[in-house]
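Visitor: Quick one, what's the 3D model for this:
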Amino acid sequence: MSDRSAIDALLAAATPDRPPLPPAEERRRLREDLHLSRAQLAAALGVSSSTVGGWEAGREPSGAMREKYAYFLEGAAAKLNSAAAAEATPGDAADDDAEQEPSQAGQPDVLDDVDELPVPQACVLCGQPARHQVEGFPQHLDPAECAASAPAAAPTPDADLVAPGKAAPSNPVRAGRAEPPQQRPVQPARSGRQGGRSGSPGVKVAPVGRRVQATTDIPDPVGSAVAAALEEHGGDVEAATAALVKRAIPDAMALLDHTRKGGRYDIVAHPWLPDILRKQSSRGADQVWEARPKWTRAELPADQHEVTALDVNGAYLSALKTHLPLGQLEHSTGNHHDKKRSGLHLMTPPVWEHDAVLPNPVGQRDEPGPLWVTEPTLRLLLRLSGPKYGLCDPPEIHESWTSGATEGLLEKFRIALKDARDRAIADDDPVTLEYVKAMYSKFVSTLGESNYNRELYRTDWMHLIRSQAFANLWTKAFKAYDEGLMVVRAMGTDELHVIGDWRAVFPEGRGVTEVKVKDTYTVGKDPQQPENAPDGPS
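Guide: Numbering: from 1, shown residues only. Below you'll find the model as predicted:
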């Protein structure tokens, strides 16, 4: 009888239906169309902004929080439906639109991305003079201004149901349930689908701020520089490449400025630096340990082994995605780590007991005791000491020099270089490939005490980016080990030697997420071959 009671209680507590939710992209659209930030919604729901971001990326809430989130989405859809119906009413739409604020007529709601131009420039959408720029690209903030300067288009069916100067609103979804057809504004024909059937080529677009823009209209500093160099040197590939590599540092800084337009964070380009970042002598080094791997497995099983030396592509390019401090470094003491900050830490590393099969994440040290390490090294050790890996004890932090940080500070810069590199590989363009490589490698190497780059003096960034590249290589070594490969060697930023079917673990190619073969060689003797037998025919 007690068993049945337990089952009855379980069934009573069970909920057969979870509140339906719209797709992830629709959740974000509903919030943004109401001009609500993630922080505002998170405060109302009693969760963090990152939790809301996870829901908008596809993760699913559960329990009472799902009920609350579904209630918000349903209310947001209802509010937007009411507003759309009011705008679509004949006779009132024009007046309502005329009184509308510019930010509601298509202007991006992130005002940090909008700048007023001192001199009007050609709008990238319509070609007519525009007084503002968004994410560094001149354009009209009000679509009506573009429409006014563009040739008049032929009227479309039910055009009177769409407010002048505004695109037809997309179909809102009420918590996963489509609205009845009579409540939805009439939309114009879907030209993209028709264009696909007619066989006419489509227009490739890319995000620019909160809008999309034809890729052919987006400025390409890298491509323009390469084309100009080739023209200047009469198509001579070697001469053009040499000229571009020579000016790689100023060009990289110009590209950084271009990608930083409208950015949310101000960079302190020449901050005061603590003594640990200053060279101990004119030819010496500072006190920061970058954890550069230089490890070779001491012993292999008795057999003949074929070793593959893998080359990790674009190591420094990938390492540009790391937590970088924004302002001047500030001193603190104590054994604690703030994930919102980044910098340098004096710590005592944990004992590493896996040197026989994996490199030490701190690198090969000759002296024990505390040392100054960078943020990527510390975060790697903290992960490895956590419950997911359990490979070592946590490091002991004694003091730190840190500042508020972000992982996306150089992301647009990195993506611009990565895209140029990908295009160069696809087009078999060695000029662009060498130019891009010189830009990101010299950018990193001249961030410190260098006479070649006076615009940005961030020795801490140089150490952090290098250490991130070393940490990335260690992560690849662990992945190889975890997938059953035998790790033989790990060197620098990009060299990993393994035994086994590495193609089942790493994709092969020239992309930054891929690896390529640098060398293959054999180690050991075939046990079936006699001790004094010759290796092969002479």
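
Visitor: State the pLDDT value of the nearest residue to R28 once chain neighbours are set aside.
Guide: Closest residue in space to R28, ignoring its immediate chain neighbours: E56 at 4.1 Å, by C-beta to C-beta, 6 or more residues apart in numbering. Using the backbone N, CA and C atoms, a C-beta is placed for each residue, glycine as well. E56 is assigned 85 on the pLDDT scale.

Visitor: just checking, E56 touches R31?
Guide: Yes. Counting by C-beta atoms under 8 Å, E56 sits close enough to R31 to count as a contact (7.5 Å).

Visitor: joint contacts of the two?
Guide: R38 (C-beta atoms under 8 Å, 6 or more residues apart in numbering).

Visitor: how about the residue nearest to R28, what does it touch?
Guide: Taking C-beta under 8 Å, 6+ apart, we find E56 in contact with 24-25, 27-28, 31, 38.

Visitor: If we use 7 Å, what do you get?
Guide: Going by C-beta atoms under 7 Å, 6 or more residues apart in numbering, E56 touches 24, 27-28.

Visitor: again with V512
Guide: So V512 contacts 313-314, 317-318, 418 (C-beta under 7 Å, 6+ apart).

Visitor: For it, which non-adjacent residue is closest in space?
Guide: Of all residues not flanking V512 in the chain, G314 sits nearest, at 3.9 Å (C-beta to C-beta, 6+ apart).

Visitor: quick one: pLDDT of the one you found?
Guide: Per-residue confidence (pLDDT) for G314: 94.

Visitor: heads up, I number from 895, so please use that
Guide: All right, first residue 895 from here; so that's G1208.

Visitor: Can you give me the distance of the residue nearest to R922 to D1160?
Guide: As defined by C-beta to C-beta, to the nearest Å, E950 lies at a distance of 27 Å from D1160.

Visitor: L1138 touches L1327, doesn't it?
Guide: No. With contacts counted by C-beta atoms under 7 Å, L1138 stays clear of L1327, the gap being 10.7 Å.

Visitor: quick one, which of these two is more surrounded?
Guide: L1138 (24 against 19; other C-beta atoms under 10 Å).

Visitor: Need the three-state assignment for that one.
Guide: What DSSP: H, G, I helix; E, B strand; the rest coil gives for L1138 is helix.

Visitor: Chain neighbours aside, what residue packs nearest to it?
Guide: Nearest to L1138 is Y1329, by C-beta to C-beta, 6+ apart, at 4.2 Å.

Visitor: show me what contacts the one you found?
Guide: 1120, 1135, 1138-1139, 1142.

Visitor: ok, now with 10 Å
Guide: Taking C-beta atoms under 10 Å, 6 or more residues apart in numbering as the criterion, Y1329 is in contact with 1116, 1119-1120, 1123, 1134-1135, 1137-1139, 1141-1142, 1145-1146, 1311, 1314-1315, 1318, 1323.

Visitor: what about it, which SS state?
Guide: Secondary structure of Y1329, per three-state DSSP, is helix.

Visitor: Could you tell me the model confidence score at it?
Guide: For Y1329, the pLDDT comes out at 97.

Visitor: Longest strand in this protein, please.
Guide: strand 1290-1300 (DSSP state E).

Visitor: Any idea how far that strand is from the middle of the chain?
Guide: How far strand 1290-1300 lies from its chain's middle: 23 Å, per C-alpha atoms, centre = their mean, to the nearest Å.

Visitor: Would you indicate which residues of whichever helix or strand comes after it are buried?
Guide: Downstream of strand 1290-1300, the next assigned helix or strand under DSSP states H and E is helix 1305-1320. Residues 1306-1308, 1310-1312, 1314-1315, 1317-1319 are the ones in helix 1305-1320 that count as buried (16 or more other C-beta atoms under 10 Å).

Visitor: which strands and helices sit next to helix 1305-1320?
Guide: Other elements packing on helix 1305-1320 under the criterion 3 or more C-beta pairs under 10 Å, 6 or more residues apart in numbering; DSSP states H and E are helix 1115-1126, helix 1142-1154, helix 1209-1213, helix 1324-1339.

Visitor: Which neighbouring elements make contact with the following helix or strand past the shortest one?
Guide: Counting by DSSP H and E, the element after helix 1209-1213 in chain order, helix or strand, is strand 1218-1219. Applying 3+ C-beta pairs under 10 Å, 6+ apart, one finds that strand 1218-1219 makes contact with strand 1235-1242, strand 1290-1300, helix 1353-1376.

Visitor: how about the longest one: buried residues?
Guide: Looking back up the chat, that one is helix 1353-1376. 1353-1368, 1370-1372, 1374-1375.

Visitor: Helices of the stretch 1045-1194 of the chain, residue ranges please.
Guide: For the stretch 1045-1194 of the chain, the helices defined by DSSP state H, counting those that start in this stretch cover 1085-1092, 1115-1126, 1131-1140, 1142-1154.
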